[in-house]
Every structure is written in C-alpha cells, then in structure tokens.
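**Q** only geometry, no sequence info:
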C-alpha cells in the first residue's frame, strides 16, 4: 500500500527518532482506475480552527468544520490524560499540540486521518445508496489502520527515553524547547508524543464524525437525518493495542465483525483511502450540515445533547488509549523497570528529577 500520493510527500512515512527506525504508517492504497490526485487548492472548506498550515502550505481556510475544532480536541485530550501541565500542553494545545497536527495540510486533506467517508445507509433508509456496507467498512478500517501504525511507532520511539539500565535520558525527555511535529528525527519524547497525537486525532474524530454515540432528530430517517446508534461504550473496533500485536489480515477481520451494520461517518470532499477525492457528496450522508458534531453549533449537535455524547465518548476513548499504551510499555520493556521509567518520563515535565 502507498502511504500517501506523491503530491502529499511530507506525510509519506515517519522518519526515525535517534537510534530508531519507525515503520511507515499506511494510509492510502493506490487507486485502481484513477491517477493519484494532486493536492487540492483551498476551496473554502475548513476544519474550524482557522490555523496556518506551515510556511510551505496555504493557510487552512475558514468554513464548515472538518474535525472537532482545535479547542475541542484540546478539551477532550486534557480531560482524558493525567499528565503534568507542560507535557499535556505539548500534546493537547489547540494550535500547536500533537493531537491537532493532523488538522494541518497535507494531513488535513487525507480522509482516513479524520475517519471521513465511511458513509452508508441501509436499503430500508435509502434504496440506492451509492456505497455498500463493505465499502464503508473498508474506509473505516483505513482510519483504524493509521492509529495502529502510530501506536506501534510510539512504542518503538519510547525506547529512546531511557538507557539500557532504566535511567531516564534527560536530553531525550526535555521539553524546555517546543517539539516540532514534522516526523523528523529529534528528541524521543517528542517522537512519542507526535506518534500518539497523530494516532489519537482520528480516534477523537470518529466520535464526532460518526453516528456511534448520537441520536437522530425526530422525523424520517434518510440522507439528511441518518440513524443514530446512541452507544455509550467505547468502540470495540478501536482496540488499538490488541490490534497492534496482530497481522493486518487478522485484526481487520476482527474489526469488521465488530462494526455495526448501521454505523456511518460522513462524506467529506477529501482524499479517501483509494486516493480518490470525491467531487461532492451529493446523494451521500454528508459530513457538513448533517452528521458532524465538531462544534456545539453543528445541526446534529443540537439533538439530544449529541455534542456532549460525542465529546464524552472521545474523552473516555483517549483515556482507554493512554492506559493501553502505558500497559504496552510495561509489557514490552520489563527489564530494569524500563517501561515504568518510560511512562514516568512521558507524564512528568521534569523526568530527570521525577523519575530517579
């Protein structure tokens, strides 16, 4: 599988942290019949944060929300993690946090990084819906796959946080200067935070962009009012730690079996997992104005406190993801308490002092 189309080369694959080699994170498969698209120019849609995307890229334009706004990603992430303030800010900050890095181009334009385009309506709701259940599920699996790859990379990058005897490396865990989320070699703590943040972003977006936790408005179910599942549990197919230990064919089979038949996310005109960018979302469940709960003002948010349900689900999910990552470090690096020291180095602002 290709990682990204050639025109989006900045995100092709993570480069290794010092002494490490991080595996590429598969995002897009090559389109079977269409050429890889060029990076789209701004068209007036945006993600609600209105931030610049970097010196070499155009600023993300304002307009309809494409993901939880940066402020909402920040609130969810802060509520989920028991970290000290400087480290927590590095992960969660609305403008510069790792969890918001995927809302900057070129990542912004890649649908699987936001769990977009896994849209589906059953025949009882739309007789001729243009996507099958299998196609929608495949798109959701592409979203999950990015988080699985980021989890694996974060576990590997954590090895650089401590010496072989379990002593925290001050030079690799220091945050006195800001991290740069550019997937280039740098301090191990920055590498771990970037991999986790980029892996957690689509997971948070899933709860905003899908009908997992929401309810439909009163009235007929259809394109403008898709069904809502009203679930209050964390999604069983986001079992990222377990999937990270499995072969791709095995975990995707397991996830497929756990995805409900009426689950849908919204269509958004970004690049889907085949490398194709839809011209529009006519005839499909749309992200904008229909399904997203990226802000409390979104139409779907105003039914049955759907915005609150989405944020609560995302918060519980990130707590689970952090607990699972902590458990994986303890299991993967048991000698000389290295795993425990890695966890200590990640949650504390001054690990050299806090983690003797």
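**A** Structure's in. What do you need? Nothing here was measured: the structure is a model prediction, and the numbers come from that model.

**Q** For the rest of this, base every contact and every neighbour count on C-alpha atoms.
**A** Will do.

**Q** Determine how far the longest helix along the chain lies from the middle of the whole chain.
**A** Criterion DSSP state H: the longest helix present in the chain is helix 306-332. The chain centre lies 12 Å from the centre of helix 306-332; the measure is CA atoms, centre = their mean, to the nearest Å.

**Q** Check which residues of that helix are buried.
**A** Within helix 306-332, the residues scored as buried using 16 or more other CA atoms under 10 Å are 306-322, 324-326, 328-330.

**Q** Which elements pack onto whichever helix or strand comes after that helix?
**A** Counting by DSSP states H and E, the next helix or strand C-terminal to helix 306-332 is helix 338-347. Helix 338-347 sits against helix 85-92, helix 306-332, helix 351-354, with contacts defined as 3 or more CA pairs under 8 Å, 6 or more residues apart in numbering; DSSP states H and E.

**Q** between those, which one is nearest to residue 221?
**A** Across these, residue 221 has its closest neighbour in helix 306-332 (16.4 Å, CA to CA).

**Q** tell me the mean pLDDT for the closest one?
**A** Mean per-residue pLDDT for helix 306-332: 98.

**Q** Check which helices and strands that helix is in contact with.
**A** Secondary-structure packing of helix 306-332 (3+ CA pairs under 8 Å, 6+ apart): helix 70-80, helix 133-157, helix 188-209, helix 240-244, helix 338-347.

**Q** What does the pLDDT read for the residue nearest the centre of the chain?
**A** In the chain, the C-alpha nearest the mean C-alpha coordinate belongs to residue 202, at 2.0 Å (CA atoms, centre = their mean). pLDDT recorded at residue 202 is 98.

**Q** That one is in contact with residue 147, isn't it?
**A** Yes - contact criterion CA atoms under 8 Å: residue 202 and residue 147 qualify, at 7.4 Å.

**Q** tell me which residues of stretch 218-238 are tucked away?
**A** Buried residues in stretch 218-238 (16+ other CA under 10 Å): 221-230, 234-235, 237-238.

**Q** what do you get for stretch 73-85?
**A** For stretch 73-85, the neighbour count (16+ other CA under 10 Å) marks 73, 74, 75, 76, 77, 78, 80, 81, 83 as buried.

**Q** follow-up on the earlier one: which among the buried residues of stretch 218-238 gets closest to residue 186?
**A** After measuring these against residue 186 - CA to CA - the closest member comes out as residue 238, at 28.9 Å.

**Q** Quick one, grab the pLDDT at the spatially closest residue to the closest one that is not a sequence neighbour.
**A** Nearest residue to residue 238, sequence neighbours excluded (CA to CA, 6 or more residues apart in numbering): residue 144, at 6.8 Å. pLDDT recorded at residue 144 is 98.

**Q** For residue 144, grab the count of nearby residues.
**A** 27 (other CA atoms under 10 Å).

**Q** Can you tell me how far it is from residue 237?
**A** 8 Å (CA to CA, to the nearest Å).

**Q** Mind listing residues that contact the helix or strand of the chain with the lowest mean pLDDT?
**A** For the chain, using mean pLDDT, DSSP states H and E, the weakest element among its helices and strands is helix 70-80, scoring a mean of 94. For helix 70-80, the surrounding residues in contact (CA atoms under 8 Å, 6 or more residues apart in numbering) are 48-49, 88, 91-95, 97, 99-100, 201, 204, 294-295, 311-312, 314-316, 318-319.

**Q** hmm, try it at 6 Å
**A** For helix 70-80, the surrounding residues in contact (CA atoms under 6 Å, 6 or more residues apart in numbering) are 49, 92, 93, 94, 315, 318, 319.
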